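Trainee: Dropping the sequence and predicted coords here.
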Amino acid sequence: MIKFFSDIYTASVTIMGGMLITLKHLFNAKNGIATLQYPEERWPRPERNIGFDLGSYNVIRSRLHVDMDDCIGCLKCERACPVDCIKIETAKAPERGEDIKDVKHVGVTTNGTRKAMVVTRFDIDMTECCYCNLCTYPCPEECIFMTGGPNSKKHPIDYEFSESNRSDLIYRFAKPGTKEGMDKLLEDGESVGA
Amino acid sequence: MTVDYIFDSLNQLLPELAGSSLFLIISMLLPIALLLGFITIYGFGVIYSEIKVSSFIQDKTGPMGQGPGLHAGKWGLLQPVADGLKLFIKEDIIPASADRPLFILAPFLIFIGALTSFIAVPFGEKIIITDMNIGIFYIVGMGSLAVIALILAGWSSNNKWALYGGMRSAAQIISYEIPAGISLVAVIMIASSLSMQEIIAYQSGGITNWIIFDNPFMPIVFIIFFISTLAETNRTPFDLPESESELVAGFVTEYSGTRYAIFFLSEYANMFVVSAVSATAFFGGWQSPVDGFLDSPAWSVFWMISKTFFLVFVMIWIRWTVPRLRVDQLMHMCWKVFIPIGLFNVFGVAIWTILRG
């Protein structure tokens, strides 16, 4: 009999306590919201140090980007990639350091290197990329990099790169040239190579 | 009451057609149309408040769109409309092995139970469709009609989860009818009438005359009645018939589209009806809490709806606080806790009423 009433008492007290907690959350809704209105609001960019020099080297590996005007087609990044997600095709340029308008080829890099190769294809498959950053170190022209890294001023961080189509995640950096220009370039390249 | 009023007004408006059966049909259909409109609007309101209250309790914001279109309106106000539209344009599937006529009948039956209960709900001194002299008894009876619909839905779906849900709902609703009825017996003894309007008339004259403050037993009676109505409407601490984690969706497992929407709407309509009975029986119905303060007919609708909505809000609040009971706990609570205490309350209220004279 005592247990009967003590059980009822416990049930009432615990339910009242629980309801008080939920009521507090209900009326504190203005301040206590834990979620964000995602497309309008976003979490701030996370801070993280991975370098030896703490504080100065804030690297976020967000996504790979290539400045095609600087790329000399040396294939070092393709060889460095552990998952083979970079695919580069090159053709020999008719003359070093010469611009080719038809394929939007810039002859001289920002470092002053005169390019010997025309990059006709530079694809990065971001579905395979493992964000290891290994491709950025060998680059002699520093043209491939992770956005959000040291070059983040050029390219603001963007960690939301969902696409509705999977093939859209294969980033094609090589600028599409006209068909005649491409054909001419390939012919010339063969003739030069021979 | 309202039917007679509309009939008389139509007769006065067009005296040459006075007393025709056309007027009688119009005066009967008009309140039903108003009622359906009210249930729909109330449904949108209560679904929206359910979304928002649950979100705020869980530290979320709920739907917070920035305009019409994909984002469901300012503060998600159009979310219930979007939900309703979605349900109404969905494919209506009837399983091949289902008992077709019964499967189709069940949603109608549950909605009839919810709709007809509204007839005896008073919103004002004259604003009631029919003031039956057994109004409260009628509402309790119509509330029990839901059991048949739920068993029909569970059985005709030919699905083990649905059958379990139907059986549980039958056990639960029939059990909890008893404490709810016993609680109302105490109210009826005090008001000495079964008519909704007379129960409200007994409580006239401000908050101190409300039945819940009538004698020391009444708060306990109210709590028992309120928890029993939670169980009767299958709200969360007692939502065993449709417990998602055990029985996919219980008796509505096989229902989709419009039929599912009708089950959904009926649940919310039933919530309103049982809350209206609570408000009528314990909180003075459409009467203002202070005697003579804001008690015109329009304000009486306001008081009735605000009291009812407060109780509906408490139901939502409980839903997002208390976890679901087990079947044996449910039965234990009804038969071993509520019924003995309820009977004791009836006894105490009877003695109290006799002694007071």
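Mentor: In hand now; what should we look at?
Trainee: so who does residue B:154 touch?
Mentor: Residue B:154 makes contacts with B:162, B:163, B:164, B:165, B:166, B:167, B:169, B:241, B:250, B:251, as judged by Cβ atoms under 8 Å, 6 or more residues apart in numbering or on different chains. From N, CA and C alone the C-beta is placed, and that goes for glycine too.
Trainee: ugh, wrong one, residue B:304
Mentor: Neighbours of residue B:304 in contact, by Cβ under 8 Å, 6+ apart: B:122, B:123, B:124, B:276, B:279, B:285, B:286.
Trainee: Pop the domain breakdown of chain A in here.
Mentor: By the assignment in automatic domain parsing, chain A contains the domains A:2-32, A:64-193.
Trainee: looking at these, which has the lowest confidence?
Mentor: Lowest mean pLDDT of the domains of chain A: domain A:64-193, a mean of 77.
Trainee: Just give the number of residues close to whatever residue of the stretch 51-200 of chain B ends up closest to chain A.
Mentor: The stretch 51-200 of chain B approaches chain A most closely through residue B:56 (3.7 Å), counting by Cβ to the nearest Cβ. Burial of residue B:56 is recorded as 21 neighbouring residues (other Cβ atoms under 10 Å in any protein chain shown).
Trainee: Show the contacting residues for the residue in chain A that chain B sits nearest to.
Mentor: Shortest chain A-to-chain B distance, computed as Cβ to the nearest Cβ: residue-wise this is residue A:29, at 3.7 Å. The contact partners of residue A:29, taken as Cβ under 8 Å, 6+ apart, are B:55, B:56, B:59, B:61.
Trainee: Look up how far residue A:18 lies from it.
Mentor: 17 Å (Cβ to Cβ, to the nearest Å).
Trainee: ditto for residue B:50
Mentor: Separation of residue B:50 from residue A:18 (Cβ to Cβ) stands at 18 Å.
Trainee: again, but for residue A:75
Mentor: Between residue A:75 and residue A:18 the distance is 64 Å, computed by Cβ to Cβ.
Trainee: There's contact between residue B:226 and residue B:281 in this structure, I believe.
Mentor: No - under the contact definition of Cβ atoms under 8 Å, residue B:226 does not touch residue B:281, with a separation of 10.5 Å.
Trainee: Give me the more crowded residue out of these two.
Mentor: Comparing residue B:226 with residue B:281 by other Cβ under 10 Å, the one with more neighbours is residue B:281, at 28 against 19.
Trainee: residues contacting that one?
Mentor: Residues touching residue B:281, when contacts are defined by Cβ under 8 Å, 6+ apart, comprise B:136, B:184, B:187, B:199, B:211, B:225.
Trainee: Give me the nearest residue to the third one, chain neighbours excluded.
Mentor: If the residues on either side of it in the chain are set aside, residue B:187 comes closest to residue B:281, at 4.5 Å by Cβ to Cβ, 6 or more residues apart in numbering or on different chains.
Trainee: so where does the one you found fall, helix or strand?
Mentor: Residue B:281 is located in helix B:257-282, with elements delineated by DSSP states H and E.
Trainee: any idea which helix or strand comes after that helix?
Mentor: Counting by DSSP H and E, the element that comes right after helix B:257-282 along the chain is helix B:297-319.
Trainee: Check the offset of that following helix from the chain's centre.
Mentor: Using Cα atoms, centre = their mean, to the nearest Å, the distance from the centre of helix B:297-319 to the centre of the chain it belongs to is 11 Å.
Trainee: between that helix and helix B:257-282, how many degrees?
Mentor: Between the axes of helix B:297-319 and helix B:257-282, defined by axes from the mean of the first three to the mean of the last three Cα atoms, to 10 degrees, the angle is 110 degrees.
Trainee: mind listing what's buried in the helix or strand just after helix B:297-319?
Mentor: Beyond helix B:297-319 in the direction of the C-terminus, DSSP H and E gives the next helix or strand as helix B:327-332. Within helix B:327-332, the residues scored as buried using 16 or more other Cβ atoms under 10 Å in any protein chain shown are residue B:330.
Trainee: Also stretch B:119-127?
Mentor: Counting neighbours by 16+ other Cβ under 10 Å, the buried set in stretch B:119-127 is B:119, B:120, B:121, B:122, B:123, B:124, B:125, B:127.
Trainee: Keep only those residues that also lie close to chain A.
Mentor: With the criterion set as Cβ under 8 Å from any Cβ of the partner chain, no member of those is near chain A.
Trainee: and of these, the nearest to residue A:84?
Mentor: For residue A:84, the closest of these turns out to be residue B:121, at 72.0 Å, with distances computed as Cβ to Cβ.
Trainee: Contacts only, for the closest one.
Mentor: For residue B:121, the set of contacting residues under the criterion of Cβ under 8 Å, 6+ apart consists of B:128, B:139, B:196, B:273, B:276, B:277, B:280.
Trainee: If we use 10 Å, what do you get?
Mentor: Counting by Cβ atoms under 10 Å, 6 or more residues apart in numbering or on different chains, residue B:121 touches B:35, B:127-129, B:135, B:139, B:196, B:272-273, B:275-277, B:279-280, B:285-286, B:304, B:308.
Trainee: Give the residues shared as contacts by residue B:226 and residue B:281.
Mentor: Shared contacts of residue B:226 and residue B:281 (Cβ under 10 Å, 6+ apart): residue B:183.
Trainee: Could you point out the longest helix of chain A?
Mentor: Among the elements of chain A assigned as helix by DSSP state H, the one spanning the most residues is helix A:2-27.
Trainee: And chain B, is that helix touching that?
Mentor: Yes - residues of helix A:2-27 contacting chain B under Cβ under 10 Å from any Cβ of the partner chain: A:4, A:7-8, A:11-12, A:14-27.
Trainee: Mark which of the residues you listed are buried, thanks.
Mentor: Members of the residues of helix A:2-27 next to chain B that pass the buried threshold by neighbour count (16+ other Cβ under 10 Å) are listed as A:19, A:22, A:25, A:26.
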